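Participant: Pasted the sequence and its predicted model underneath.
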Amino acid sequence: MKALFTFILLGITMSTFAQIKVNHIAVHVSNLNSSKEFYQKIVGLEEIEEPFKDGLHAWYDIGGGAALHIIEAPNIPTQISKVNHLCFSMKDMDAFIKTLEDTGHPFESWPGEKGKITTRVDGIRQIYIQDPDGLWLEINDDY
């Protein structure tokens, strides 16, 4: 019994020290205002306090104590692969797709079929959209 208790205590202690959490994800943008409009109006993120107050940064709550940090800076990469993407899970993906359709914002499946949804082998539905600088975002219903 003592060995079992020690094993459980050791497991709890190790998992406490081994855990990490996402603090923020930084994204390089060429125009802060158009990117802010995209992340707020299209993606639906809530802007949070911006510590730098220099007009080149914006911060958004992405849940779980994490933030998306967009930074305006020159020299955006000219080719952006869909493999490099941010992923957000939506509670109501159908409503999100309707927003895209209503605003005329294009979306596509993983293979690149315009206006189509990919259903992964695990049943999760996903689409891909691009921000104003071409960064790919996966939106799925794994909420």
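Facilitator: Here it is on my side, so go on. Numbers count the residues shown, from 1 in each chain.
Participant: didn't Ile129 look like it was pressed against His105?
Facilitator: Yes. Between Ile129 and His105 there is a contact under C-beta atoms under 8 Å: 6.4 Å. For the C-beta atoms, the positions are set from N, CA and C on the backbone; glycine is no exception.
Participant: Quick check: neighbours shared by the two?
Facilitator: Any residue near both Ile129 and His105 by C-beta atoms under 8 Å, 6 or more residues apart in numbering counts here, and that gives Ile42.
Participant: Looking at those two, which one has more neighbours?
Facilitator: Ile129 (20 against 15; other C-beta atoms under 10 Å).
Participant: can you pull the contacts of the more buried one?
Facilitator: Shown here is Ile129, whose contacts under the criterion C-beta under 8 Å, 6+ apart are 42, 100, 105-108, 136-137, 139.
Participant: And the average pLDDT for the host helix or strand of it is what?
Facilitator: Using DSSP states H and E, Ile129 sits within strand 125-130. When pLDDT is averaged along strand 125-130, the result is 96.
Participant: Which strands or helices does the helix or strand just after it pack on?
Facilitator: Along the chain past strand 125-130, the next helix or strand (assigned with DSSP H and E) turns out to be strand 136-140. Contact analysis of strand 136-140 by 3 or more C-beta pairs under 8 Å, 6 or more residues apart in numbering; DSSP states H and E lists strand 85-89, helix 93-103, strand 125-130 as its packing neighbours.
Participant: Just want to check the distance between the residue nearest to Lys114 when sequence neighbours are not counted and Lys82.
Facilitator: Spatial nearest neighbour of Lys114, excluding adjacent residues (C-beta to C-beta, 6 or more residues apart in numbering): Glu108 at 5.2 Å. Counting by C-beta to C-beta, to the nearest Å, the separation of Glu108 from Lys82 is 9 Å.
Participant: tell me, what's touching those two both at once?
Facilitator: Both Glu108 and Lys82 are contacted by Tyr128, under the criterion C-beta under 8 Å, 6+ apart.
Participant: Give me the more crowded residue out of these two.
Facilitator: Glu108 (18 against 15).
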